[in-house]
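Peer 1: Mind looking at a prediction? Sequence and model below.
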Amino acid sequence: MGHVTDMAGARGVWNVAAMAEKYGPLFKLQLMGSVLVVLSDPQTISRVARKTGPGPYMSKPNEVYKPLEKALTPSLPSILTAADGPYWKAVRQAAAPCFSISNLKNVMPLVLQLTKRVADRMQAAAAAAATDANNSSSAVGGLFDVSDAAKRITSDVMGHMLLGEDLQGTLWRPSEYLDLFYPVLRAQGELINNPLHLWQVWRPDVRLQKRCLAKHNAIMDGKMDRLMAHPPPDYTIAAHLLQARVNGQPLNRNQLKTEVAAFMAAGFETTSHAITWSLALLAAHPKVQQQVLEELAAQGLAAGADSMQLRDIEQADFAALPLLAAVIKESLRLCPPAPWGGTKQAPCDVTLCGHTVKKGTLVMMPLLAVSLSTANYGSDAMLFKPQRWLAGSKPAGTAAEGAADDDDGAADRDQQPRSAAGVGSKGGSSSSSSSSSTVPDPQTFMTGPRDCIGQALAKLELMAVLATLLGRFEFAPGPKLAQELAAAAATGQPPAAALHGLAGVHVTMQPEDGTMLLRVAPRR
Ligand code: HEM
């Protein structure tokens, strides 16, 4: 068995991160009869993931992604799982223009509209709490599940972006598709960890998942029928996929269905969890939240005494919000939505971090291990410090220096953006920021030809959603998070440890119980 049991389950990636801390940036794991090398040095990851540069370029081995493929009906290779080759290239080239600056301009008003629907719901929750005569709590604001809200926003965005369809999640209307989607994703996650998962038919949850998967498949078939009969609007991913040609042939119905499922799986939960963790980290770090508010207020993007002046954020505002961009980058580092990162294969004998890795060896690049490594981010790797992405900050040094820092992570107002944190910018390659900075890029979206195709959309959503919500509401920990934070503080652990305690990894890093209750109070 080797290290299989260490890696299995919702906490497996934390075990691997702990091993990286103990054994360094390169070590090997034994999995049954094979060997897997774990790499957590971000510069080396960036070097081998690119086709240009010192290389050698390592491609994605299809064998490793087979379980992910099997979890997506009808089990065909997709942009996410296919090895480099004509199929992957045709799909990637066809879909890429959807994430261009000009196409994303169409998406910004939509993201704002969906976020404002959620803001209305938050307002109602806060108002209900204020007038609730039975509310004995002295805490300000109403309890609101921001994880649920974030999922509703990002699934609606994906509905529009993929198929030009309003899934109506942010209207809180019953939606068969969305009700099915959460158990389906959970089943897919379990299947990846354990290919025999769906055979456990004596388990009621497994039987429910099987029913959801079958129903989801039928709904997807219906969507494909409509798609083939009535092509969706030009700005959608589906419209672009219909243009893809592999050896001169368009994608067939099943290939199209696989791609739609792959984009939905890749783009919906990752971004929603990123929004959730950012809000939870800001709730746990009120001083940073206050500084973000001041930054928003300076641009007329925060409610206040003159709340009539509150205006909608535009893409042009992103460059004027370096602290918010840094908060997002730091949240993505501490709580990477894709914590297992990617796995590549050595094309020849190659020297990595001073060791020879044999041709054909699988090299796993777990991003949680990159992020939590003190070799990469110093003694304060577990601290939420957005200022590490602002120019003028010092790289973390010794434990003593780390301890002397403001433990609320509040940023020095004089600091300037280091590289717009690669977030508020147009969203180009995440690798660009490491070259101008002493702080290594955490590779949240990976690098090179197989990097995240949807990162510009994800960054736009994060900036627009967080600016809109933070300008209108104050967020504070709900009862469970407050309890975890107090427990962490009592044992001298940072707030991020409390968040990690509430998290599990089911493909994406998410709140283990599926919720993140925060207190929301309108800004005055
Ligand atoms: C915060 C949000 C997101 C994060 C952290 C993230 C992260 C990643 C990572 C790490 C990879 C590389 C995986 C690997 O090497 O196996 C990846 C690939 C991919 N992502 Fe994302 N992603 C996000 C949002 C999105 C969105 C919004 C979309 C689409 C709308 C998307 C679509 C994809 C696709 C299709 C790939 C495969 C690309 C290829 O191999 O050519 N992602 N993502």
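Peer 2: Good, I have the coordinates. Residues are numbered from 1 along each chain as shown.

Peer 1: Got the phi and psi for the closest residue to the ligand within the stretch 201-350 of the chain?
Peer 2: As assessed by Cβ to the nearest ligand atom, the ligand sits closest to residue 342 within the stretch 201-350 of the chain, at 2.4 Å. (C-beta placed from N, C-alpha, C; glycine too.) Per-residue torsions, residue 342: phi -130, psi 170 (degrees, to the nearest 10).

Peer 1: cool, and residue 76?
Peer 2: Dihedral angles for residue 76 - degrees, to the nearest 10 - are phi -110, psi 160.

Peer 1: How much space separates it from the ligand?
Peer 2: According to Cβ to the nearest ligand atom, to the nearest Å, residue 76 stands 14 Å off from the ligand.

Peer 1: Excluding covalently adjacent residues, which one is nearest to that residue?
Peer 2: residue 258 (4.5 Å; Cβ to Cβ, 6 or more residues apart in numbering).

Peer 1: How about the residues of this structure by the ligand?
Peer 2: 79-80, 92, 263, 266-267, 270-271, 274, 337-338, 341-342, 444-446, 450, 452-454, 457-458 (Cβ under 6 Å from any ligand atom).

Peer 1: What about these, which are in strands?
Peer 2: residue 342 (DSSP state E).

Peer 1: Just the buried residues from the residues of the chain next to the ligand, in PyMOL please.
Peer 2: Per 16 or more other Cβ atoms under 10 Å, the buried members of the residues of the chain next to the ligand correspond to this PyMOL selection:
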select buried, resi 79+80+92+263+266+267+270+271+274+337+338+341+342+444+445+446+450+452+453+454+457+458
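
Peer 1: List the ones among the residues of the chain next to the ligand that fall in helices.
Peer 2: 92, 263, 266-267, 270-271, 274, 457-458 (DSSP state H).

Peer 1: So the residue nearest to residue 76 lies in a strand, does it not?
Peer 2: No: remark: residue 258 does not belong to a strand; assigned using DSSP: H, G, I helix; E, B strand; the rest coil, it is helix.

Peer 1: How about the contacts made by residue 479?
Peer 2: 143, 517 (Cβ atoms under 8 Å, 6 or more residues apart in numbering).

Peer 1: likewise the one 10 residues further on?
Peer 2: Shown here is residue 489, whose contacts under the criterion Cβ under 8 Å, 6+ apart are residue 495.

Peer 1: and the host helix or strand of it, how far from the chain's centre?
Peer 2: Here residue 489 sits within helix 479-490, counting by DSSP states H and E. Chain-centre distance of helix 479-490: 24 Å, with Cα atoms, centre = their mean, to the nearest Å.

Peer 1: list the buried ones in that helix?
Peer 2: 481-482, 484-485, 488.

Peer 1: Would you format those residues as JSON lines with pLDDT included?
Peer 2: JSON lines is the format used below for the buried residues of helix 479-490 (pLDDT from 0 to 100):
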{"residue": "481", "pLDDT": "98"}
{"residue": "482", "pLDDT": "97"}
{"residue": "484", "pLDDT": "97"}
{"residue": "485", "pLDDT": "98"}
{"residue": "488", "pLDDT": "97"}
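
Peer 1: Using JSON lines, please lay out these together with distance to residue 329.
Peer 2: Converted to JSON lines, the buried residues of helix 479-490 look like this (distance: Cβ to Cβ, whole Å):
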{"residue": "481", "distance to residue 329": "22"}
{"residue": "482", "distance to residue 329": "26"}
{"residue": "484", "distance to residue 329": "24"}
{"residue": "485", "distance to residue 329": "22"}
{"residue": "488", "distance to residue 329": "23"}
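
Peer 1: From those residues, pick the one nearest residue 160.
Peer 2: residue 481 (31.2 Å; Cβ to Cβ).

Peer 1: Quick check: the closest one touching residue 513?
Peer 2: No: counting by Cβ atoms under 8 Å, residue 481 does not reach residue 513; the two are 11.6 Å apart.

Peer 1: Need the overlap of contacts for the two.
Peer 2: Counting by Cβ under 8 Å, 6+ apart, the contacts common to residue 481 and residue 513 are residue 502.

Peer 1: Count the neighbours of residue 127 for me.
Peer 2: 12 (other Cβ atoms under 10 Å).

Peer 1: how about the nearest residue to it, chain neighbours excluded?
Peer 2: Per Cβ to Cβ, 6+ apart, closest to residue 127 is residue 142, 7.5 Å.

Peer 1: who's in contact with the one you found?
Peer 2: Contacts of residue 142 by Cβ under 8 Å, 6+ apart are 122, 125-130, 519-521.

Peer 1: can you check residue 250 too?
Peer 2: Residues near residue 250 by Cβ under 8 Å, 6+ apart: 242, 244.

Peer 1: What are the phi and psi values at it?
Peer 2: phi -70, psi 160.

Peer 1: Dig out what it forms beta bridges with.
Peer 2: Residue 250 forms beta bridges with residue 245, as assigned by DSSP bridges.

Peer 1: and it, how far is that from residue 240?
Peer 2: Distance of residue 250 to residue 240, computed by Cβ to Cβ, to the nearest Å: 12 Å.

Peer 1: same question, residue 210
Peer 2: Distance from residue 210 to residue 240, by Cβ to Cβ: 33 Å.

Peer 1: try residue 119
Peer 2: Remark: distance between residue 119 and residue 240 (Cβ to Cβ) = 31 Å.

Peer 1: What segments of the stretch 401-524 of the chain are helices?
Peer 2: 432-435, 455-472, 479-490, 495-501 (DSSP state H, counting those that start in this stretch).

Peer 1: Quick check: mean pLDDT of the longest one?
Peer 2: Pointing back at helix 455-472 there. For helix 455-472, mean pLDDT is 98.

Peer 1: In terms of secondary structure, what does that helix contact?
Peer 2: helix 101-131, helix 146-163, helix 269-284, helix 286-298, helix 322-334 (3 or more Cβ pairs under 8 Å, 6 or more residues apart in numbering; DSSP states H and E).

Peer 1: how about those helices in JSON lines, adding mean pLDDT and distance to residue 10?
Peer 2: Output for the helices and strands packed on helix 455-472, formatted as JSON lines (pLDDT from 0 to 100; distance: least, Cβ to Cβ, whole Å):
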{"stretch": "helix 101-131", "mean pLDDT": "93", "distance to residue 10": "27"}
{"stretch": "helix 146-163", "mean pLDDT": "96", "distance to residue 10": "16"}
{"stretch": "helix 269-284", "mean pLDDT": "98", "distance to residue 10": "14"}
{"stretch": "helix 286-298", "mean pLDDT": "97", "distance to residue 10": "28"}
{"stretch": "helix 322-334", "mean pLDDT": "98", "distance to residue 10": "18"}
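
Peer 1: Adding distance to residue 356, write the ones you listed out as CSV.
Peer 2: Converted to CSV, the helices and strands packed on helix 455-472 look like this (distance: least, Cβ to Cβ, whole Å):
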stretch, distance to residue 356
helix 101-131, 43
helix 146-163, 42
helix 269-284, 34
helix 286-298, 44
helix 322-334, 30
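
Peer 1: Of those helices, which is nearest residue 202?
Peer 2: Minimum separation from residue 202 across the helices and strands packed on helix 455-472 (Cβ to Cβ) falls at helix 269-284, 28.1 Å.

Peer 1: still on that earlier bit, please say which of residue 210 and residue 240 ends up with more neighbours.
Peer 2: It is residue 240, of residue 210 and residue 240, that has more neighbours when counted by other Cβ under 10 Å, with 20 against 14.

Peer 1: My read is that that one contacts residue 97, right?
Peer 2: Yes: the pair residue 240 and residue 97 qualifies as a contact (Cβ under 8 Å) at a distance of 6.3 Å.
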